[in-house]
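Asker: no sequence on this one, just coordinates:
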Ligand code: NI
């Protein structure tokens with residue numbers, strides 16, 4: 001797997017602070033990774049994995065660490081085994097009509113969860129860390145994770161998929177917790 005060398009150094013790379021809502025970068029549409037970004041992105045990837053594993057989370061998008069680029073990392077950690085995936089310029093090229101509802105959370109909305117309904121299966125085209133074009137088809141947790149991370153690149157959070165009532169409840173609760181934490 002082309003991702004393996006990146007991961008070998010992941011634990012040595014320093015973690016980065018994760019932005020919490022309502023940070024404006026989280027609501028911005030990220031721009032495409034260009035060949036000129038390659039070096040910066042290569043340096044960022046191990047730090048994004050460290051940040052995600054430490055949190056811990058199963059996905060992290062670059063806007064969550066304040067970098068508005070179309071880049072995300074995921075690792076579902078199934079059976080407690082690492083299976084890291086780097087998604088550069090990911091695009092959903094097919095989505096099933098069938099929907100699935102799962103409880104989602106987000107490192108940028110810490111400690112709060114809600115049921116989100118999305119297509120049950122998606123096919124995603126992306127470039128890997130080596131710049132090779134790849135495709136991944138996922139259902140279940142992987143489908144939700146892919147869509148959740150790609151949403152981040154468009155400034156969309158999981159709470160944008162739920163009712164305004166529930167969204168406001170979650171965001172108010174978070175704001176209150178953040179205020180208490182700051183005291
Ligand atoms: Ni998230």
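Answerer: Yep, it's here. What you see is a predicted model; the values in this text were computed from it and never measured.
Asker: quick one, strands of the protein?
Answerer: 59-61, 71-74, 85-95, 99-106, 109-119, 121-127, 133-139 (DSSP state E).
Asker: Nearest to residue 51, out of those strands?
Answerer: Closest approach to residue 51 among the strands of the chain (C-beta to C-beta): strand 59-61, 6.0 Å. Backbone N, C-alpha and C define where each C-beta goes, glycine included.
Asker: Deepest-packed of the strands of the chain, please.
Answerer: Scoring the strands of the chain by mean neighbour count under mean count of other C-beta atoms under 10 Å gives strand 71-74 as the most buried, with a mean of 28.
Asker: where are the low-confidence patches of the protein?
Answerer: Low-confidence segments of the chain (pLDDT under 70): 1-11.
Asker: how close does the residue of the chain positioned farthest from its centre sit to residue 20?
Answerer: Of all residues in the chain, residue 183 has its C-alpha farthest from the mean position, at 29.3 Å, by C-alpha atoms, centre = their mean. In this view, residue 183 and residue 20 are 16 Å apart by C-beta to C-beta, to the nearest Å.
Asker: same check, this time on residue 119
Answerer: Taking C-beta to C-beta, one finds residue 119 at 28 Å from residue 20.
Asker: quick one, helices of this protein?
Answerer: For the chain, the helices defined by DSSP state H occupy 4-8, 38-54, 140-153, 164-182.
Asker: Which one of those lies nearest to residue 124?
Answerer: Taking C-beta to C-beta, helix 140-153 is the member of these nearest to residue 124, at 5.2 Å.
Asker: Now for the nearest residue to residue 68 once chain neighbours are set aside: which residues touch it?
Answerer: Counting by C-beta to C-beta, 6 or more residues apart in numbering, residue 30 is the residue found nearest to residue 68 once chain neighbours are left out, at 4.5 Å. Residue 30 is in contact with 61-63, 67-71, 152-155, counting by C-beta atoms under 8 Å, 6 or more residues apart in numbering.
Asker: try residue 25
Answerer: Going by C-beta under 8 Å, 6+ apart, residue 25 touches 19, 63, 66, 68.
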